[in-house]
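Novice: How does the following fold in three dimensions:
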Amino acid sequence: MATLHAATGPGGPPPGLPVLARNVTHFMRLLRDGGFALSPAHAVEALSALRHVDIGRRDEVRAALAALVLSGPDQRPLFDAAFDLFWRDPDWEGKLRALLLPRVDAGAPPPKRSNRLADALAARQPEAPSRPAQTAAERIHVPLTFSDQERLAQRDFETLTAQEWRALQHLVRTRRAHLALQRTRRLRAATCGTHADLRASARLAVRQHGEWLRWKFRKHAERKPPVVLLLDISGSMSQYSRAVLYFCHALMQSRERLSVFLFGTRLTNITRSLRERDPDEAVAVITAQVRDWAGGTRIGAALASFNRHWARRTLSGRATVLLVTDGLDHEQIDMLGDEMARLRRFAHRIVWLNPLLRYPGFTPQARGVQAILPHVDALRPAHNLDSLLALETLLSDHGGPPRAAPAKPDKEAPPWK
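Specialist: This next block holds a predicted model:
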């Protein structure tokens, strides 16, 4: 087997362990940082498994470690890349830079990159001794500080550079946003609460020979709210749609009840594609699946397709619809108004996320905007990361009464204020 990689960072294994044990433990921690669900017990099991194979044969060691850590076929490419890089590849530093800053050669296709592995490797790189100044292509940037993260979360998606866009993707992936829980009318058993459970308390007293020692309680149960996202991918929404897709991928990895549909000139269901572990692979699959990205827009026809084929299946259980579009549609305005009214009858609540609200003087002049406004319950901006993270509190529902029929908005007062 090739020479073992013996680098140990600040969070590396204790120096007292043998070289093989230290490197195996370090490798398991690298996989855990890359997204594998591993515990310290996996490192112990890996050391035990290596006693039964010939550690001089690279294929046997790879097969033994893969049998322990892999839980699905989608993890195999990431494991192979981590194994080849960690266990002393002769060009380890060059391949690390290729993961972070890939180059496209004219003669051969670029290697498939793994951003999760690159982030994990960059986070565990120890400080190297001083050496001559590096070129711009060789620099590996350190993680963002808290002030940089806060400043980046307030930047407009359309004004981000390529480096800032890459940092924003990493920020979304590490924060793992969660939607607020929804309070239901049903009650469940609890150690404390406002509703005394007489039956459970009586059963407890019977088991304790008639001694009524303590009370049992019940409280309102909470659940994750079902959310349906309708995302406009027309040319004017391209950059914002891509950012919303990465945010939706983080919600899907957090096991949120989310259904995602893209529409430009047609409607596409991408809910299953967003379940990929790596967000870049998920976006690549979606890009190959959707043919009308950054093209025209027909909001009315897309809503008609959704209401006809998907509304009854996805809008159950007090579901909330998130409509992400700028509303700049000039065709079939009557159909758009009718389909919005029909969608309102299906959905419990409709929230419109409009990137044009980033302008302080925005007024609903477009005919498409005027057709959508009377049928929405809330209108919010969606131009930076802070506006997307605000959905956590916006979507909280405490089980209030059903909404009343909407009145037509006053022409003198903007309905979004």
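
Novice: how about the strands of this structure, start to end?
Specialist: Taking DSSP state E to define them, one finds strands in the chain at 182-190, 195-196, 217-223, 227-232, 258-263, 267-269, 320-324, 349-353, 378-380.

Novice: Mind putting those into JSON lines with mean pLDDT and distance to Asp84?
Specialist: Every residue, glycine included, has its C-beta placed from N, CA and C. As requested, the strands of the chain are exported to JSON lines (pLDDT from 0 to 100; distance: least, Cβ to Cβ, whole Å):
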{"stretch": "strand 182-190", "mean pLDDT": "84", "distance to Asp84": "45"}
{"stretch": "strand 195-196", "mean pLDDT": "87", "distance to Asp84": "58"}
{"stretch": "strand 217-223", "mean pLDDT": "87", "distance to Asp84": "44"}
{"stretch": "strand 227-232", "mean pLDDT": "94", "distance to Asp84": "37"}
{"stretch": "strand 258-263", "mean pLDDT": "93", "distance to Asp84": "34"}
{"stretch": "strand 267-269", "mean pLDDT": "94", "distance to Asp84": "36"}
{"stretch": "strand 320-324", "mean pLDDT": "94", "distance to Asp84": "40"}
{"stretch": "strand 349-353", "mean pLDDT": "94", "distance to Asp84": "42"}
{"stretch": "strand 378-380", "mean pLDDT": "92", "distance to Asp84": "46"}
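
Novice: how about JSON lines for those strands, with distance to Leu251 and mean neighbour count added?
Specialist: Below are the strands of the chain laid out as JSON lines (distance: least, Cβ to Cβ, whole Å; neighbours: other Cβ atoms under 10 Å):
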{"stretch": "strand 182-190", "distance to Leu251": "15", "mean neighbour count": "14"}
{"stretch": "strand 195-196", "distance to Leu251": "32", "mean neighbour count": "12"}
{"stretch": "strand 217-223", "distance to Leu251": "15", "mean neighbour count": "16"}
{"stretch": "strand 227-232", "distance to Leu251": "8", "mean neighbour count": "24"}
{"stretch": "strand 258-263", "distance to Leu251": "5", "mean neighbour count": "22"}
{"stretch": "strand 267-269", "distance to Leu251": "16", "mean neighbour count": "18"}
{"stretch": "strand 320-324", "distance to Leu251": "11", "mean neighbour count": "24"}
{"stretch": "strand 349-353", "distance to Leu251": "14", "mean neighbour count": "23"}
{"stretch": "strand 378-380", "distance to Leu251": "16", "mean neighbour count": "17"}
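
Novice: so which of these gets nearest Ala302?
Specialist: Ala302 lies closest to strand 258-263 among those, at 3.4 Å (Cβ to Cβ).

Novice: For that closest one, give me every contacting residue.
Specialist: Applying Cβ atoms under 8 Å, 6 or more residues apart in numbering, the contact partners of strand 258-263 are 226-233, 241, 245, 248, 251-252, 267-271, 274, 286, 290, 293, 297-299, 302-303, 305-306, 310, 314.

Novice: bridging residues for the residue nearest to Leu187 when sequence neighbours are not counted?
Specialist: Excluding the flanking residues, the one nearest Leu187 by Cβ to Cβ, 6 or more residues apart in numbering is Arg218, at 4.1 Å. Going by DSSP bridges, Arg218 is paired in beta bridges with Ala189, His195.

Novice: for Val227, same thing?
Specialist: Beta-bridge partners of Val227, counted by DSSP bridges, are Leu258, Thr320.

Novice: That one against Ala180, yeah?
Specialist: No. Using Cβ atoms under 8 Å, Val227 is not in contact with Ala180; the gap is 11.0 Å.

Novice: Relative to Trp310, how far out is Ser254?
Specialist: In this view, Ser254 and Trp310 are 23 Å apart by Cβ to Cβ, to the nearest Å.

Novice: tell me the pLDDT at Val61?
Specialist: What the model reports for Val61 is a pLDDT of 89.

Novice: Over to His52?
Specialist: Looking at His52, the pLDDT reads 88.
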